[in-house]
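> Just need the structure, nothing else, for what follows:
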Amino acid sequence: MSLLSETTDPRGPRDQGESGRSDQLPVTPLASNSANALSSRPTRRTALIVTVDTEEEGLWGGTYRTTGNTVENTRGIVRFQELCDRFEIRPTYVIDTPVVEDDRSVETLKGLQDSDRCEIGAHLHPWCAPPFEEELNGHNSYTCNLPEPLQREKLARLTDRIEQRFARRPTSFRAGRYGLDIVGARILEDLGYLVDSSVICFHDYSAEGGPDFHSAPYKPYRIGKEDLRLPDDIGRLLEVPVSVGFSWSKFAWAQRIRQFAMRPALQPFRLVGILDRLNLVRRIKFGPEQSDAARMKQLADAYLANAAPCMVMLLHSSSLMPGHSPYAPSEAALEQMYDEMETTFEYCRRRLAMESATLTEFAESSTEDQP
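Below is the predicted model of the structure:
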C-alpha cells in the first residue's frame with residue numbers, strides 16, 4: 001500500500017534547500033536554546049556519536065508493509081564500518097524488526113558488536129513490528145499516535161527480540177520517523193533504556209501527525225515528567241538529539257526567521273528558498289545524506305564553540321548501498337557521500353580532537369558527571 005507520494009520522505013519532510021553545496025562560512029559562538037540542557041564537560045572532549053538507522057528498503061517511495069520487507073542494504077555496513085574503524089569510531093546501529101529477523105544482517109552486526117566495534121540499539125518501525133493491531137496508514141506510522149498498551153507491546157517485543165538475537169539487551173533507542181512522545185519515553189525507562197535519540201530539534205512534523213520538536217533543546221538533556229521536549233535535572237532517560245543547527249550561529253533567531261518565512265501567506269514568494277540560497281538561515285543537519293562536508297564542519301565548529309558535550313551524526317543503512325535511497329541513487333553518488341564522511345571524520349577526530357562514543361557510552365558518562 002502506497003501511503004505517501006513518490007517524492008515524500010516517510011521519515012518526515014526534507015529541509016528545503018539542504019541539498020545545495022557551498023563553501024564553509026565563518027562561525028561564531030552559539031547560545032543554548034535551553035538553560036536546563038546538560039552543561040558541557042569542561043574536563044572532557046566533545047563526543048562524536050555516529051548513528052545509523054538500520055532498516056528495510058522501500059521506505060523512500062512511501063510504502064509501508066507489515067511483511068515481505070527486505071534488508072539487502074545492510075550489506076553496505078561492512079564498508080561503512082571499515083571507514084569508522086580507520087578513525088577509531090564506534091558507531092551505534094539502531095536496528096528494527098526486519099533487520100533483527102534477518103540471519104545475515106544479525107551475523108554481520110553481532111560480529112561487530114562482539115568485537116567491540118559498535119553498539120546495537122533499537123529502532124521501532126511500528127508498521128512492521130508486531131503485534132499488528134492498528135490500521136496501516138501515515139498517522140499510525142508515528143509510534144506516538146498509537147495507544148499506550150500497543151506502544152508498550154511493540155517496544156517490549158522488539159527489545160526482547162534484540163536481546164535474544166544479540167545476547168545483549170539494547171539500552172539506546174531511536175523511533176522510526178522520530179515518532180516518540182512522553183508516553184513512549186516512560187515505556188523506554190520501564191524497559192531499561194538509558195538514552196533516546198529521537199528528537200530532531202528545530203523541526204516540526206505535526207502537519208503530518210508527527211511530533212513538534214521546533215523548540216526542543218539541541219544539547220543533551222534529561223527528559224521531564226510531562227513533555228519529551230522539557231528537561232528535568234532528575235529525569236532518568238537521557239535525550240541526545242540529532243545535531244541540527246543553522247548557518248547563522250544565533251539559532252533561536254534563525255529559527256524564528258525561518259518559521260516566519262514559512263507562513264502560508266508567504267509561501268508563494270518562496271522566501272525559505274531565497275534565504276537558503278543567500279545562506280542566511282539555512283538549516284544544517286549533521287549527516288552526509290543532506291549536508292556536505294563543508295557544512296558539517298561548519299556545524300561542528302559551532303557546536304564546539306558553544307561547548308556542546310556531543311554531536312550526533314545520523315544516516316540510514318539504505319544509503320550505504322547504491323539504489324536504495326535518494327541520497328545514494330548511484331555508485332557515483334555513494335562515492336561522493338563516502339568522500340563527505342571521510343572528510344568530516346578527519347576534521348572532527350583529528351582537527352577538533354573529538355572523542356568517539358556510542359549513545360550508551362555517552363549516557364553512562366553523563367550519569368557519572370552528575371553531582
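> What about residue 148, how many residues nearby?
Counted by other Cβ atoms under 10 Å, the residues lying close to residue 148 total 11. Where you see a C-beta, it was placed from the backbone N, CA and C, and this is true even at glycine.
> For it, grab phi and psi.
With angles defined as degrees, to the nearest 10, residue 148 sits at phi -60, psi -40.
> separation between it and residue 190?
Note on residue 148: its distance to residue 190, by Cβ to Cβ, to the nearest Å, is 11 Å.
> Residue 157 too?
Taken as Cβ to Cβ, the span from residue 157 to residue 190 is 14 Å.
> likewise residue 287?
30 Å.
> ok, the two, which is more surrounded?
Higher neighbour count among residue 287 and residue 190: residue 287, with 25 against 11, using other Cβ under 10 Å.
> who touches that one in this structure?
By Cβ atoms under 8 Å, 6 or more residues apart in numbering, the contact list for residue 287 reads 242, 296, 313-315.
> Any buried residues in the lowest-mean-pLDDT helix or strand in the chain, and which?
Every helix and strand in the chain was compared by mean pLDDT, DSSP states H and E; the lowest is helix 251-261, with a mean of 73. The neighbour-count criterion (16 or more other Cβ atoms under 10 Å) identifies 251, 254-255, 257-258, 261 as the buried residues of helix 251-261.
> which among those residues gets closest to residue 302?
Of all these, residue 302 sits closest to residue 251, with 8.6 Å by Cβ to Cβ.
> what's the spacing between that closest one and residue 71?
Distance from residue 251 to residue 71, by Cβ to Cβ: 36 Å.
> Pairing-wise in the sheet, spell out the partners of residue 312.
residue 49 (DSSP bridges).
> Contacts only, for it.
So residue 312 contacts 49, 51, 197, 240-243, 286, 359 (Cβ under 8 Å, 6+ apart).
> so which pair among those residues is furthest apart in space?
So, the contacts of residue 312 by Cβ to Cβ: farthest apart are 286 and 359, at 14.3 Å.
> more crowded one of those two?
Neighbours per residue (other Cβ under 10 Å) separate residue 286 from residue 359, with residue 359 holding more: 30 against 25.
> was I right about the more buried one contacting residue 90?
No. Residue 359 lies out of contact with residue 90 (Cβ atoms under 8 Å); the separation is 10.3 Å.
> any idea how far the spatially closest residue to residue 287 that is not a sequence neighbour is from residue 241?
In this structure, residue 287 finds its nearest non-sequential neighbour in residue 314, 4.6 Å apart by Cβ to Cβ, 6 or more residues apart in numbering. Counting by Cβ to Cβ, the gap from residue 314 to residue 241 is 10 Å.
> Going along the chain, name the strands of the stretch 101-250 of the chain.
Along the stretch 101-250 of the chain, the stretches classed as strands by DSSP state E, counting those that start in this stretch are 119-124, 172-175, 195-196, 221-222, 238-239, 244-246.
> Looking at those, which one is packed in the most?
strand 172-175 (a mean of 28; mean count of other Cβ atoms under 10 Å).
> Could you check how far it is from the centre of its chain?
Here strand 172-175 is found 9 Å from its chain centre; the criterion is Cα atoms, centre = their mean, to the nearest Å.
> Need the mean per-residue confidence for that strand.
Model confidence over strand 172-175, given as mean pLDDT, is 98.
> list the helices and strands it packs on?
Applying 3 or more Cβ pairs under 8 Å, 6 or more residues apart in numbering; DSSP states H and E, we find strand 172-175 packed against strand 92-95, strand 119-124, strand 195-196, helix 359-369.
> could you dump it to PDB, C-alpha only?
What follows is strand 172-175, C-alpha atoms only, in PDB (Å, rounded to 0.1, in the frame of the first residue of the first chain):
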ATOM      1  CA  SER A 172      19.800   3.100  23.200                       C
ATOM      2  CA  PHE A 173      16.800   3.900  21.000                       C
ATOM      3  CA  ARG A 174      15.500   6.000  18.100                       C
ATOM      4  CA  ALA A 175      11.900   6.000  17.000                       C
END
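> Any stretches of the stretch 101-250 of the chain with poor pLDDT?
Within the stretch 101-250 of the chain, the ranges that satisfy pLDDT under 70 run 248-249.
> Can you spell out which residues form a bridge with residue 239?
Bridge pairing for residue 239 - DSSP bridges - gives residue 196, residue 221.
> tell me the strands in the stretch 251-371 of the chain, going along the chain?
Applying DSSP E, counting those that start in this stretch to the stretch 251-371 of the chain gives strands spanning 283-285, 310-316, 355-356.
> Just name the most buried of these.
Buried most deeply of the strands of the stretch 251-371 of the chain, by mean count of other Cβ under 10 Å, is strand 310-316, with a mean of 24.
> okay, the angle between it and helix 359-369?
160 degrees (axes from the mean of the first three to the mean of the last three Cα atoms, to 10 degrees).
> My read is that the residue nearest to residue 287 contacts residue 51, right?
Yes. Between residue 314 and residue 51 a contact is recorded at 5.4 Å, counting by Cβ under 8 Å.
> which residues are common contacts for these two?
With Cβ under 8 Å, 6+ apart as the test, residue 314 and residue 51 both reach residue 242.
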